[in-house]
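Undergrad: give me a 3D structure for the following:
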Amino acid sequence: MKLFFKETIFSILLSILLILVLSLVISKTAVPENIIMPCIIAISSLSIMIASINVSRKKEKNGIVNGTIMGLVYMGGMYIFSSIILKDFSLTLNSVIMILFGIICGAIGGILGVNFKK
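TA: Here you go, the predicted model:
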């Protein structure tokens, strides 16, 4: 459980850093705003995949399960955090898409992590 918490914190911090870089790029260039949501989904997916790989490498078994749990923990934490900040607990289509991407990327990262050599 400690490992999941540690990797969740790492993945959230990585997401925040990458989103800050994205916001800097968007504010300094003529990048259209409709690219924001796909980029945020990609950033979250990458962060989840990295955390899932790390968890599964350390656990060395049940990669798909550990990765899926990692994706769920990350997405659950981010959903609760953003809902508190925005004061809106509704599920939108974007929320559902992000949750599904989180679960899928977590599972893929878990599979990859188990198969990576230390």
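
Undergrad: in this structure, which spans are helices?
TA: Counting by DSSP state H, the chain forms helices over residues 2-28, 36-59, 63-86, 93-115, given from the N-terminal end onward.

Undergrad: ok and the second one relative to helix 93-115, angle-wise?
TA: By that I understand helix 36-59. Counting by axes from the mean of the first three to the mean of the last three CA atoms, to 10 degrees, helix 36-59 points 30 degrees away from the direction of helix 93-115.

Undergrad: helices and strands around helix 36-59, which ones?
TA: helix 2-28, helix 63-86, helix 93-115 (3 or more CB pairs under 8 Å, 6 or more residues apart in numbering; DSSP states H and E). Yep, even glycine has a C-beta here, placed from its N, CA and C like the rest.

Undergrad: related to what we said a few turns ago, got the helices of the chain as CSV, with mean pLDDT and mean neighbour count columns?
TA: Written out in CSV, the entries for those read as follows (pLDDT from 0 to 100; neighbours: other CB atoms under 10 Å):
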stretch, mean pLDDT, mean neighbour count
helix 2-28, 90, 14
helix 36-59, 91, 20
helix 63-86, 89, 18
helix 93-115, 90, 19
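
Undergrad: can you tell me how far Ser23 is from Gly109?
TA: Applying CB to CB, to the nearest Å, the value for Ser23 to Gly109 is 25 Å.

Undergrad: between the helices and strands packed on helix 36-59, which one is nearest to Ser45?
TA: Ser45 sits nearest to helix 93-115 of all the helices and strands packed on helix 36-59, at 4.2 Å, using CB to CB.

Undergrad: can I get that closest one as CSV, trimmed to CA atoms?
TA: Backbone C-alpha positions of helix 93-115 (Å, rounded to 0.1, in the frame of the first residue of the first chain) are rendered in CSV as follows:
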residue,chain,number,x,y,z
LEU,A,93,-17.8,12.7,-20.7
ASN,A,94,-14.3,14.1,-20.3
SER,A,95,-14.1,12.6,-16.8
VAL,A,96,-15.2,9.2,-18.0
ILE,A,97,-12.8,9.2,-20.9
MET,A,98,-9.9,10.2,-18.5
ILE,A,99,-10.9,7.5,-16.0
LEU,A,100,-11.0,4.8,-18.8
PHE,A,101,-7.6,6.0,-20.2
GLY,A,102,-6.2,5.9,-16.7
ILE,A,103,-7.3,2.3,-16.1
ILE,A,104,-6.1,1.2,-19.6
CYS,A,105,-2.8,2.9,-19.3
GLY,A,106,-2.3,1.6,-15.8
ALA,A,107,-2.9,-2.0,-17.0
ILE,A,108,-0.5,-1.5,-19.9
GLY,A,109,2.1,0.0,-17.6
GLY,A,110,1.6,-2.9,-15.2
ILE,A,111,2.1,-5.5,-17.9
LEU,A,112,5.2,-3.7,-19.2
GLY,A,113,6.6,-3.3,-15.6
VAL,A,114,6.4,-7.0,-14.8
ASN,A,115,8.2,-7.8,-18.1
